[in-house]
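# Sequence isn't available, so here's the structure alone:
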């Protein structure tokens, strides 16, 4: 990792300052968050306390007008991890890619390497930047007719178990296995402006985990097709999202769906939102079928409550999320206030007949210190329903969680 820092330093000092410095763009981010975690539904225990810090440093360079280079290093750690004189190997390449603009004189862009993918609302594909690590992908992406049509085609490698072979000695061949399993994703994303006030996003992707769970049966063969409609009608706006998944998981048939509808009304300095998210779940009485919708690559923290109980499809039963939100943004103050109310139910009843997870209340206050830098406080409580009490039994008290975060970007 020291070699990576040295390489970037030499690259910036030898090339960047010998040419026009405006050709180089530097970026950075520090996200520091302390948390008070009482999400165990027990008032007899002390809440956990910890703090995390995420630091990113990026450099961008355009070579003529045809090639863009970008590299971003990230260090992510828990404060107090190890002792003050210990070296922690926490630094990694968060993004590192090259983008070719108009290769072969065609109206397209080619991006290859490691990069973020952010599409639409981030419900299905997002950077998950609330996390102290975030998400980025390894692969290649083509953008066809970026100024007029803008169709993205991407191929990503999620897991690769085949190690590189630098010296092809006879002992390495033939491969004792038929193939080395890998996990890949292939997909597309297309956004279309329907009118000046409405837009439709379409996306589809295919995931294949080539690990065999039995002869000629891959662990995952999953297709996902989604659509997002955006409507903006003056003070009223709406977002409607639908998704359908089909294929096979561990050899079992998969049929799952997601439906989300929300409407927002803006009046003065306030915005009020009401909506519902329906993620299908497995019927416990039909174990041979899979009906749980998977959102592994979305930014779920934005949608399913800030306490993150439902980052995955909880217990496979699916989630019905009904919510109300209010946002207050005073014109002459640097503060923003937000209040979110959620009622969570399972999409399918448990074998016990229980289906209420409970209610969550999230309060967020943002102080915009300067452009790009904010101080954020959040506090949440969760009132457990019968299903959540059963999951965390015998604990059944109200849960709580709070955090204080500094987010600084340049």
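Sure thing, it's come through. In this text the structure is predicted, and so the values were computed from the model without any measurement.
# Which parts of the helix or strand where residue 27 lies count as buried, going by neighbours?
Per DSSP states H and E, residue 27 falls inside strand 24-38. Neighbour-count burial for strand 24-38 flags 24, 29-33, 35, 38 (criterion: 16 or more other CB atoms under 10 Å). Any C-beta I mention is one placed from the backbone N, CA and C, and that applies to glycine too.
# Output the below-cut-off pLDDT ranges for this structure.
Of all residues in the chain, those with pLDDT under 70 make up the ranges 1-22, 176-178, 312-313.
# all helices of it, in order?
2-11, 386-391 (DSSP state H).
# Just checking the distance from the last one to the centre of its chain.
In this case it means helix 386-391. The chain centroid and the centroid of helix 386-391 are separated by 27 Å, computed with CA atoms, centre = their mean, to the nearest Å.
# Now do the buried residues in that helix.
The neighbour-count check on helix 386-391 (16+ other CB under 10 Å) flags 386-389, 391 as buried.
# Run through who's touching it.
41, 309, 315, 317, 346, 350, 352, 354-358, 382, 395-396 (CB atoms under 8 Å, 6 or more residues apart in numbering).
# Among these, name the buried ones.
For those, buried by 16+ other CB under 10 Å: 41, 309, 315, 317, 346, 350, 354-358, 382, 395-396.
# nearest to residue 179, of these?
Residue 179 lies nearest to residue 315 out of the buried ones among the contacts of helix 386-391, by CB to CB, at 33.9 Å.
# How about residue 142, nearest residue that isn't a chain neighbour?
Excluding the flanking residues, the one nearest residue 142 by CB to CB, 6 or more residues apart in numbering is residue 153, at 4.6 Å.
# can you pull the contacts of that neighbour?
By CB under 8 Å, 6+ apart, the residues touching residue 153 are 141-142, 144, 187-188.
# of the residues you listed, closest to residue 226?
Among the contacts of residue 153, and counting by CB to CB, the member closest to residue 226 is residue 187, at 10.1 Å.
# how about the nearest residue to the closest one, chain neighbours excluded?
Nearest residue to residue 187 in three dimensions, chain neighbours excluded: residue 205, at 2.9 Å (CB to CB, 6+ apart).
# Neighbours of that neighbour, how many?
Residue 205: 19 surrounding residues under other CB atoms under 10 Å.
# That one reaches residue 158, doesn't it?
No. Using CB atoms under 8 Å, residue 205 is not in contact with residue 158, being 11.1 Å away.
# Now the common contact residues for these two.
Taking CB under 8 Å, 6+ apart as the contact rule, residue 205 and residue 158 both touch residue 185.
# can you give me the strands in the stretch 51-200 of the chain?
With DSSP state E, counting those that start in this stretch, the ranges of strands along the stretch 51-200 of the chain come out as 67-78, 91-101, 108-115, 137-144, 151-160, 182-195, 198-214.
# re earlier: and the contacts of residue 153, which of them are buried?
141-142, 144, 187.
# among those, which two are most distant?
144 and 187 (13.9 Å).
# related to what we said a few turns ago, need the contact list for the residue nearest to residue 187.
125, 154, 185-188, 223-224.
# what do you get if the cut-off is 7 Å, keeping everything else the same?
Residues in contact with residue 205, defined by CB atoms under 7 Å, 6 or more residues apart in numbering, are 185-187, 224.
# That one pairs with what?
Note on residue 205: beta-bridge partners residue 187, residue 224, judged by DSSP bridges.
# any idea how far residue 258 lies from residue 59?
Noted for residue 258: a distance of 38 Å to residue 59, by CB to CB, to the nearest Å.
# okay, these two: which has more neighbours?
Higher neighbour count among residue 258 and residue 59: residue 258, with 24 against 18, using other CB under 10 Å.
# Give me the distance between the nearest residue to residue 95 once chain neighbours are set aside and residue 29.
Leaving out its chain neighbours, the residue that sits closest to residue 95 by CB to CB, 6+ apart is residue 72, at 4.1 Å. Distance of residue 72 to residue 29, computed by CB to CB: 9 Å.
# Quick check: neighbours shared by these two?
Residues touching both residue 72 and residue 29 by CB under 7 Å, 6+ apart: residue 56.
# Let me see the contact set for residue 151.
Residue 151 sits next to 144-145, 188, 190 when contact means CB under 7 Å, 6+ apart.
# Between which two of those is the distance greatest?
Pairwise distances across those peak at 13.3 Å for 145 and 188 (criterion: CB to CB).
# hmm, who's touching stretch 209-227?
Here stretch 209-227 makes contact (CB under 7 Å, 6+ apart) with 124, 179, 181-183, 200-208, 241-251, 254.
# Please pick the buried ones from these.
124, 181, 183, 201, 203-208, 241, 243-245, 247-249, 254.
# thought residue 321 was touching residue 300?
No. If you go by CB atoms under 7 Å, residue 321 and residue 300 don't touch, sitting 10.6 Å apart.
# ok, what's across the strand from the residue nearest to residue 142?
Applying DSSP bridges, one finds that residue 153 bridges with residue 142, residue 188.
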